[in-house]
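In: sequence and predicted structure below; questions after.
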Amino acid sequence: MSQRTQGSGGEADATGLEAKSAMIEDALARLADERIIERIWERDASVWTKEESGQKIIKNALGWLKSVEFVSDRLSDLQAFADEVRAADFKRVMVLGMGGSSLCPEVLRQTFGKRKDDPELLVLDSTDPETIADFTLRAAPVEHTLFVVASKSGSTIEPLSFYKYFYEAVRAVKGERAGENFIAITDPGTLMERTASEMNFRRTFLNPPDIGGRYSALSLFGMLPAILMGLDAGEMLRRAEDMIAECREPVTSVGGNPAARLGCAMGALWKAGLDKLTVVTDRNLASLGLWIEQLVAESTGKRERGILPVASETLGAPDVYGDDRLFVSIHTAAPDEDTERKLEALQEAGFVVLRRTLRDPLDLGAEFFAWEMATAVAGWFMEINPFDQPNVQESKDRTNELLDQYKESKSLYASGSPEPFAREGEMAVFKTEGDKGKGAATTQTKTSVAAAISEHLSSARDGDYVALLAYLQETPAHDELLREIGDRIRASYRVATTFGYGPRYLHSTGQLHKGGANNGIFILVTDEDETDAAIPGEPYSFSILKQAQSLGDFASLAAHERRALRIHLGRETRSGLLNLLDIVKQ
């Protein structure tokens with residue numbers, strides 16, 4: 001481990017490194033003195049808080065400690081069900097979820113791909129109408145697609161909307177037998193459990209209710225899709241069991257309990273100002289960053305503190321980074337030559353680089369648990385409750401208010417569409433007041449689009465970050481452009497950058513954006529939908545839902561006095577992103 005100190009310009013500082021190492025060792029000593037690992041396994045909620053209300057939440061959120069045992073005990077039944085699915089000639093399994101119910105399946109889908117002779121796994125977690133249209137084509141013919149409605153609460157608006165849409169598509173072909181193409185994963189007693197029974201779903205799988213969404217990778221939410229796509233879930237769970245055994249061990253001066261060590265490093269270095277956890281992975285493990293992003297951001301981003309995972313940047317040279325970075329390298333075997341050269345350059349420049357090595361992708365089972373435990377340990381050190389999400393509901397509530405308004409007036413705006421702060425062609429800019437935001441939309445003196453964006457970014461200071469929040473169709477081309485925009489902002493302003501697609505990020509980094517430190521600069525990117533899809537039984541469409549979600553979060557950011565700008569690209573999404581790239585290059 002090595003560390004660059006404030007203002008060092010990339011030169012290593014041995015004293016700073018020693019100080020950071022001492023902080024981690026002090027945290028590990030405290031961990032041992034306070035019996036934190038033992039108390040976590042004893043399910044002692046006082047590890048994180050003395051408040052009775054907080055302890056009540058925590059006591060109902062520690063089921064992840066037993067999730068591997070829970071799934072392992074049911075493995076033969078789950079595998080028999082997967083055999084039934086194959087025998088029924090299902091060619092695809094489509095997870096309809098959001099946040100914790102979809103991110104682990106998405107990691108598995110991107111990491112392992114389609115397995116020979118097994119159903120293809122698809123994961124839908126976007127309300128974008130173009131995406132809905134694309135998944136409609138990919139699901140065809142629908143009679144050969146098994147839909148997995150995954151929702152812990154059973155009432156999350158996105159998976160419920162997806163279910164309504166695809167149930168009607170299947171019903172048009174199979175009539176009253178449409179339920180044969182659906183299964184549910186949910187908690188006991190939820191609306192989704194009742195719906196599954198009433199609509200004659202093929203099967204309903206009930207997950208333990210004391211497992212939170214972001215800690216559910218090794219529960220039915222993650223492992224059932226793994227089994228359905230043909231992965232060796234038994235081996236993945238066995239490796240997770242090996243990690244669990246290590247996570248019960250005490251920490252010694254020579255090793256032991258890698259998760260506790262990672263968690264203490266995260267917590268201690270956060271206190272030292274290294275609050276940008278920059279994840280570097282193999283190409284085939286890149287999607288793991290999405291899962292780590294939700295776990296760490298939603299667990300730690302509260303009480304005006306938090307660790308920001310940075311998983312979307314291109315790995316750069318030392319001089320593009322500020323002094324707030326902690327790098328974690330996660331690779332199978334050794335990193336490729338170019339990545340290793342860059343990591344070594346960062347270490348030589350004095351940055352902290354933690355290394356994690358997987359034997360092969362099946363080690364993801366162990367890695368999921370290690371990060372869950374590490375995040376719980378970091379939460380202890382940071383003196384926060386890593387199992388609640390007090391600000392996530394805000395954007396949901398604002399979205400629902402806008403939808404209620406739309407039901408009454410057929411408009412998302414109470415008093416007409418707002419005037420943009422700047423407009424050029426298809427591109428329009430809307431903003432909130434003030435350097436740190438004052439919480440209200442504004443029609444200040446108008447300026448050019450480029451000037452408005454540049455002024456917004458010029459508020460960046462040491463320790464800030466820029467978040468690109470894209471309510472667009474997720475495509476490789478959009479990925480590339482958003483990443484390039486972020487990399488250019490990083491190079492120009494020397495701040496961390498992230499990008500996420502809405503509404504996915506609302507269930508991931510959204511908690512940190514509003515509950516964490518006020519050091520974020522937010523750019524919401526929206527466009528004009530060229531297609532749309534109705535949501536059966538609702539007076540609004542997917543396009544209206546997506547718009548309500550973007551406007552609801554924009555209002556929530558403003559209410560928390562965050563620096564937020566919304567850039568509407570109109571109907572020319574790609575050219576608008578290229579224009580944005582040109583602006584940040586200036």
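Out: Alright, I've got the coordinates.
In: hey, let's count contacts and neighbours off CA atoms from now on
Out: Will do.
In: check whether residue 317 really touches residue 342, as I assumed.
Out: Yes. Residue 317 is within contact range of residue 342, at 6.6 Å (criterion: CA atoms under 8 Å).
In: give me phi/psi at the residue lying closest to residue 358 once chain neighbours are set aside?
Out: Distance criterion CA to CA, 6 or more residues apart in numbering; nearest residue to residue 358, sequence neighbours excluded, is residue 332 at 4.5 Å. Here is the backbone geometry of residue 332 (degrees, to the nearest 10): phi -90, psi 130.
In: please name the residues that touch residue 231.
Out: Residues near residue 231 by CA atoms under 8 Å, 6 or more residues apart in numbering: residue 115.
In: residue 521 belongs to a strand?
Out: Yes. According to DSSP: H, G, I helix; E, B strand; the rest coil, residue 521 belongs to a strand.
In: so it bridges to which residues?
Out: residue 466, residue 563 (DSSP bridges).
In: surely it touches residue 458?
Out: No. The pair residue 521 and residue 458 does not pass the contact test of CA under 8 Å, sitting 9.9 Å apart.
In: which of those two has more neighbours?
Out: When residue 521 and residue 458 are compared for neighbours, residue 521 comes out ahead with 24 against 13, by other CA atoms under 10 Å.
In: which residues of the stretch 51-200 of the chain fall in helices?
Out: Under the criterion DSSP state H, counting those that start in this stretch, helices of the stretch 51-200 of the chain are mapped to 52-59, 67-73, 75-87, 103-112, 129-139, 157-174, 191-198.
In: can you redo those helices as JSON lines with distance to residue 574 and mean neighbour count?
Out: Below are the helices of the stretch 51-200 of the chain laid out as JSON lines (distance: least, CA to CA, whole Å; neighbours: other CA atoms under 10 Å):
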{"stretch": "helix 52-59", "distance to residue 574": "44", "mean neighbour count": "15"}
{"stretch": "helix 67-73", "distance to residue 574": "43", "mean neighbour count": "19"}
{"stretch": "helix 75-87", "distance to residue 574": "40", "mean neighbour count": "16"}
{"stretch": "helix 103-112", "distance to residue 574": "24", "mean neighbour count": "22"}
{"stretch": "helix 129-139", "distance to residue 574": "14", "mean neighbour count": "17"}
{"stretch": "helix 157-174", "distance to residue 574": "26", "mean neighbour count": "19"}
{"stretch": "helix 191-198", "distance to residue 574": "38", "mean neighbour count": "17"}
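In: and of the ones you listed, who's closest to residue 571?
Out: Of all the helices of the stretch 51-200 of the chain, it is helix 129-139 that lies closest to residue 571, at 12.3 Å by CA to CA.
In: report the angle between that closest one and helix 157-174.
Out: Per axes from the mean of the first three to the mean of the last three CA atoms, to 10 degrees, the angle that helix 129-139 makes with helix 157-174 is 40 degrees.
In: what does helix 129-139 contact?
Out: 92, 94, 124, 126, 145, 473-474, 529-533, 542-543.
In: what distance do you get for residue 349 to residue 139?
Out: Taking CA to CA, to the nearest Å as the measure, residue 349 falls 49 Å from residue 139.
In: ditto for residue 131
Out: 12 Å.
In: and residue 322, by the same measure?
Out: 45 Å.
In: OK, contacts around residue 400?
Out: Neighbouring residues of residue 400 by CA under 8 Å, 6+ apart: residue 548.
In: touching, residue 503 and residue 127? I think so.
Out: Yes. In this structure, residue 503 is within contact of residue 127 by CA under 8 Å, at 7.1 Å.
In: mutual contacts of these two, please.
Out: residue 546.
In: would you mark the buried spots in stretch 338-346?
Out: Neighbour counts using 16 or more other CA atoms under 10 Å place 339, 343, 345, 346 of stretch 338-346 among the buried residues.
In: whoops, I mixed them up, stretch 479-497
Out: Buried-residue list, stretch 479-497, by 16+ other CA under 10 Å: 479, 481-491, 493-497.
In: do stretch 563-581 as well
Out: Result for stretch 563-581 [16+ other CA under 10 Å]: buried residues 563-570, 572-573, 576-577, 579-581.
In: returning to that earlier point: quick one: closest of the helices of the stretch 51-200 of the chain to residue 384.
Out: With respect to residue 384, and counting by CA to CA, the nearest of the helices of the stretch 51-200 of the chain is helix 52-59 at 9.9 Å.
In: got the CA coordinates for that closest one in PDB?
Out: Extracted as PDB, the C-alpha positions of helix 52-59 are listed here (Å, rounded to 0.1, in the frame of the first residue of the first chain):
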ATOM      1  CA  GLU A  52     -33.500   1.500  19.800                       C
ATOM      2  CA  SER A  53     -35.100   2.400  16.500                       C
ATOM      3  CA  GLY A  54     -31.900   1.800  14.600                       C
ATOM      4  CA  GLN A  55     -31.300  -1.400  16.300                       C
ATOM      5  CA  LYS A  56     -34.700  -2.600  15.400                       C
ATOM      6  CA  ILE A  57     -34.000  -2.000  11.700                       C
ATOM      7  CA  ILE A  58     -30.600  -3.700  12.000                       C
ATOM      8  CA  LYS A  59     -31.900  -6.800  13.700                       C
END
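In: residues making contact with it?
Out: So helix 52-59 is contacted by 43, 44, 45, 46, 48, 49, 210, 385, 387, 388 (CA under 8 Å, 6+ apart).
In: max pairwise distance over those: which two?
Out: 49 and 210 (17.9 Å).
In: these two - which one has more neighbours?
Out: Regarding residue 49 and residue 210, a neighbour count based on other CA under 10 Å identifies residue 210 as having more, with 19 against 16.
In: quick one: secondary structure of that one?
Out: Going by three-state DSSP: residue 210 is coil.
In: for it, phi and psi?
Out: Here is the backbone geometry of residue 210 (degrees, to the nearest 10): phi -90, psi 30.
In: swap in residue 204?
Out: phi -120, psi 130.
In: I'd say it and residue 196 touch.
Out: Yes. Between residue 204 and residue 196 there is a contact under CA under 8 Å: 6.8 Å.
In: between the two, what contacts are shared?
Out: 183, 184.
In: narrow the buried residues of stretch 338-346 to those in helices?
Out: 339, 343, 345, 346 (DSSP state H).
In: tell me the domain ranges of this structure?
Out: Domains of the chain are assigned by automatic domain parsing as 14-43+251-382, 74-231, 392-585.
In: can you list the ones you listed in JSON lines and add distance to residue 241?
Out: Formatted as JSON lines, the domains of the chain follow (distance: least, CA to CA, whole Å):
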{"stretch": "domain 14-43+251-382", "distance to residue 241": "7"}
{"stretch": "domain 74-231", "distance to residue 241": "11"}
{"stretch": "domain 392-585", "distance to residue 241": "26"}
